[in-house]
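**Student:** got a sequence here, can you build the structure:
(chains A and B)
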Amino acid sequence: MDLLLTQDEEMLRHAARAFLSAECPTSLVREMEKDPKGYPDGLWRKTAELGWQGMALPGKYGGLDLPLVQLGLILEEVGRAIAPLPLHSTMVAALAIASDGSAAQREAVLPGVATGKKILTWAFAEHDPRLLPETVHTHAVSDGGDFVINGTKLFVDNFVAADLCLVACRTAPASDGGAGLSLFLVDTGSAGISEKPLITLAKDRQSEVEFRNVRVPGPSLVGGLNQGAPIVERMLDRATALLCAQMVGATRKDAEMAVEYSKYREAFGQPIGAFQSIQHACADMLVWTDAASLLTYEALWKMDQGLWAGVEVSQAKAFCNEKCQAVVRLSQTIHGGIGFMMEFDLHLWFRRVSAWAMRLGTTFEHRARISRALLDHPGRVVLGRPLPGSAHG
Amino acid sequence: MDFGFTPEQEALRREVRAFIAQHVTAEVVAEMEGHNEGLLGVTPGTSRGPAVKELFRKISERGWLGISYPREYGGQGRDRITQYIVEEEFARANVNISTAGSSAPMILAAGSEEQKRHYIPRLIRGEFSFAQGFTEPRGGADLASLQCRAVHDGEDYVINGQKMFTSGAHYCTHLYLMARTDPGAPKHKGISVFLMRLDIPGITVRPLWTMQNDPRAPTRTTYGQSRTNEVFFDDVRVPKTALLGEENKGWYIGSTGLNLDRVGAARYLISVLRDEEIINWIKENRFDGYSPADDPAIRDKIAELWIEAQVCRLMTMRSMSIVEHGGRFAYEGAAEKVWAPEHGARSTETIAQMLGPYAQLLNGSPRAIEKGIFAHNVMGAFQSQINHGSVQVMRDQIARRGLDMPRARKASR
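**Tutor:** Next up, the predicted model:
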């Protein structure tokens, strides 16, 4: 038990922060809000040279075998710089392939990810946005040696930039003793795919993706047929915890801007940061951001131990959704009118943190998952110990 | 970052749990009832009954007292996390094995060799116990404005003044006193810390009863029966050797010690035990056909409390990590002291809304739930936000020490 960063972790954080502060000014962030692809090739290549895409992948496929905690530290810095990089979606799909794909799929995909040549994403959500197996209606039907996919996915990250997309499909009715889901690795250029850009608060690249008789070869199936639900659950848990890391980074930077601003902005004859009303708000912002960080890294750490971390992930995201949003809102109010001027940078962070709070599970969904774990299994709960019946959610 | 315990620590936890199951007998529990004066249960220094005394002898025999203190001062020379684990298990059984308060760590940090050899082994064994004489009638939050005076007289100091909210002064053997030694200096630079027995001439201890006072308060209630004290000093004479650290450097010693006093197993559990208790209670009980565990609004709230409790745990673990690395707190102890007590109060209030009219019923009442603990706690939970540094003062500290925010100028008129 040691919740302070190790020297290696400090160095990793420091290096990533120094790199992004040099390479990712807010002018680039603004430019990419208007860019059809949404990310700069040059910056993406440089991050690959630093090994970010490969760090958490297996050494056998060009990775570095580092823990998710360290990838979390990188994504925290990406969030801090609100760097327009398709790193989160790429890593979410790549880690699913690394843990649940066949040897051939790993060989085909992961080395390209590690070198930055392949950009990945994943597609789960549909019209009913809850991240539950029963909300998946997009279906895949076996046809000869192939599968044929039909349906519409929503809120697909970086689809316009991605080479490959992991698509959760229904291959059996949900009632047949299982969730009936399967996961397919689909080339984003496949015939029958059409993409419509969603226009978002964060001005990031999200798509509505329609699959109309999209034919994929049999070996595109990731994991067993109808065995996709647990793979998807693990994938979504990793995605959620890594998004929390990004939120923590962005939130901390946003809070720091408020503190700095309050030190030189004078009103009523003194810096506004000398007023207790501002000081106490800033103190809360620091406490909440620290708390969000502790919850997030515990979830990532638990996954690194190979343990089910569903409750920890939901704890982190439910908390981040509320408190990171509250921090960036308080930061806006401390900045006053200047804070919502287009030319002032603060809104770049506010809009992203707000949007990330809306994705990968609402506060209510995550708390419902926690209360199921707490209340619906017999046996006493004890803080700090595994919950009764918590081998799985 | 490492969020896990070592296999040795896990094994020790199991060993302690097995010990508690065997040795915290019905006889011990009966002795503890109605003997409920501190943070979470009986301590080696306050135990008076034979069964509890015998229990502490056995605990000491196992080497579970003063685990993280150096061997030469009667400790076990092990790490703070291991000590935390043992403390937590015992605190859950209402047995407080920590050397409560800031006295032992600060004597270790600032004391003379003689003081360390005299006090620390006896504190660990429970022969000595310290009450903390900090707050005065005219100020708690603004601790540095204290006025209790210590004046040189030959080889002695002579102390005059008054302290308030001196919890434990009626049963502790010693007092850890902050007094002013240089009234001419700026207020933080004229304070010294003194160590003295409580039974010396000139010290008078009078009870102060709080709204929570009730001899029937169950053992696990926050602040228990809730007696505190006021202490009067009339020409109290102590030798120069009673001084801890250097004269007029007491502010640093006092405030560093308070940081340590704000973190640890008892502080953590006092804020979160109600969460565990209510969850387990509604899992095992129903009102006819109705269980709060089936109500979606209550389920949402329970999950929210649970997340907040996890934050209490993680902040405690962060503080323990800092102590293990040498104890240089910037703001983290204050952060924990804001978050955990406010959570404890929110939890208590939420539980009241889950149980409705049953949440009023005190111990001894017909139909009281869990010996009325949730009702007793309504009067106690918020106290954690006030004592040992109020949450407002803690927020000031976070802003000042964590964020380097400026001091206010005098208000312009």
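**Student:** which residues in the stretch 101-250 of chain A form strands?
**Tutor:** Along the stretch 101-250 of chain A, the segments classed as strands by DSSP state E, counting those that start in this stretch run A:120-123, A:139-143, A:146-157, A:164-170, A:181-187, A:193-198, A:206-217, A:221-222.
**Student:** closest to chain B out of those strands?
**Tutor:** Ranking these by proximity to chain B (C-beta to the nearest C-beta) places strand A:146-157 first, at 23.8 Å. (C-beta placed from N, C-alpha, C; glycine too.)
**Student:** can you count the residues close to the nearest residue to A:Arg238 once chain neighbours are set aside?
**Tutor:** In space, and not counting its chain neighbours, A:Arg238 is closest to A:Leu95: 5.6 Å by C-beta to C-beta, 6 or more residues apart in numbering or on different chains. A:Leu95: 23 surrounding residues under other C-beta atoms under 10 Å in any protein chain shown.
**Student:** state the distance from A:Leu95 to chain B.
**Tutor:** Distance from A:Leu95 to chain B, counting by C-beta to the nearest C-beta, to the nearest Å: 19 Å.
**Student:** let me see the contact set for residue 33.
**Tutor:** No chain in the question, so chain A it is. A:84, A:203 (C-beta atoms under 8 Å, 6 or more residues apart in numbering or on different chains).
**Student:** that's the wrong chain, I meant chain B
**Tutor:** B:218-219 are the contacts of B:Glu33 under C-beta under 8 Å, 6+ apart.
**Student:** so which bits of the stretch 201-350 of chain B are right by chain A?
**Tutor:** The stretch 201-350 of chain B has residues B:272, B:275-276, B:279-280, B:282-283, B:293, B:296, B:299-300, B:302-304, B:306-307, B:309-311, B:313-315, B:317-318, B:320-322, B:324-325, B:331-332, B:335, B:338-339 near chain A, with proximity defined as C-beta under 8 Å from any C-beta of the partner chain.
**Student:** quick revisit: tell me which of the strands of the stretch 101-250 of chain A sits nearest to B:Gly364.
**Tutor:** Between B:Gly364 and those, the shortest separation by C-beta to C-beta is 56.1 Å, and it involves strand A:181-187.
**Student:** quick one: that closest one to strand A:193-198, angle?
**Tutor:** Angle between the axes of strand A:181-187 and strand A:193-198 is 90 degrees (criterion: axes from the mean of the first three to the mean of the last three C-alpha atoms, to 10 degrees).
**Student:** all helices of the stretch 51-200 of chain B, in order?
**Tutor:** B:80-92, B:103-110, B:113-125 (DSSP state H, counting those that start in this stretch).
**Student:** next up, phi/psi of the residue nearest to A:Arg238, please.
**Tutor:** Dihedral pair for A:Leu95: phi -70, psi -30, per degrees, to the nearest 10.
**Student:** which residues touch the spatially closest residue to A:Gly116 that is not a sequence neighbour?
**Tutor:** In space, and not counting its chain neighbours, A:Gly116 is closest to A:Ala48: 2.6 Å by C-beta to C-beta, 6+ apart. Contact analysis of A:Ala48 by C-beta under 8 Å, 6+ apart lists A:54, A:114-117.
**Student:** mind putting those residues into JSON lines with neighbour count?
**Tutor:** Shown next, in JSON lines, are the contacts of A:Ala48 (neighbours: other C-beta atoms under 10 Å in any protein chain shown):
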{"residue": "A:Gly54", "neighbour count": "24"}
{"residue": "A:Ala114", "neighbour count": "24"}
{"residue": "A:Thr115", "neighbour count": "15"}
{"residue": "A:Gly116", "neighbour count": "21"}
{"residue": "A:Lys117", "neighbour count": "12"}
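**Student:** show me the shaky parts of the chain.
**Tutor:** As the question left the chain open, I've gone with chain A. Residue ranges of chain A with pLDDT under 70: A:176-177, A:390-393.
**Student:** wait, chain B
**Tutor:** B:34-48, B:99-101, B:224-226, B:410-413.
**Student:** which strand in it runs the most residues?
**Tutor:** Ranked by residue count, the top strand of chain B under DSSP state E comes out as strand B:227-239.
**Student:** which neighbouring elements make contact with that strand?
**Tutor:** In terms of contacts (3 or more C-beta pairs under 8 Å, 6 or more residues apart in numbering or on different chains; DSSP states H and E), strand B:227-239 is packed against strand B:130-133, strand B:156-164, strand B:191-197, strand B:203-209.
**Student:** show me what counts as buried in stretch A:188-206.
**Tutor:** A:188, A:193, A:200, A:202-206 (16 or more other C-beta atoms under 10 Å in any protein chain shown).
**Student:** which one among these gets closest to chain B?
**Tutor:** Taking the buried residues of stretch A:188-206 together and measuring to chain B by C-beta to the nearest C-beta, the closest member is A:Ala202, at 24.9 Å.
**Student:** what about the closest residue to the closest one other than its chain neighbours, distance to A:Ala255?
**Tutor:** In space, and not counting its chain neighbours, A:Ala202 is closest to A:Ala355: 3.8 Å by C-beta to C-beta, 6+ apart. According to C-beta to C-beta, to the nearest Å, A:Ala355 stands 18 Å off from A:Ala255.
**Student:** domains of the chain?
**Tutor:** Since no chain was named, I'll use chain A. For chain A, the structural domains run A:7-117, A:122-226, A:230-375, going by automatic domain parsing.
**Student:** the chain in question should be chain B.
**Tutor:** B:7-98, B:130-249, B:262-402.
**Student:** thanks a lot, catch you later.
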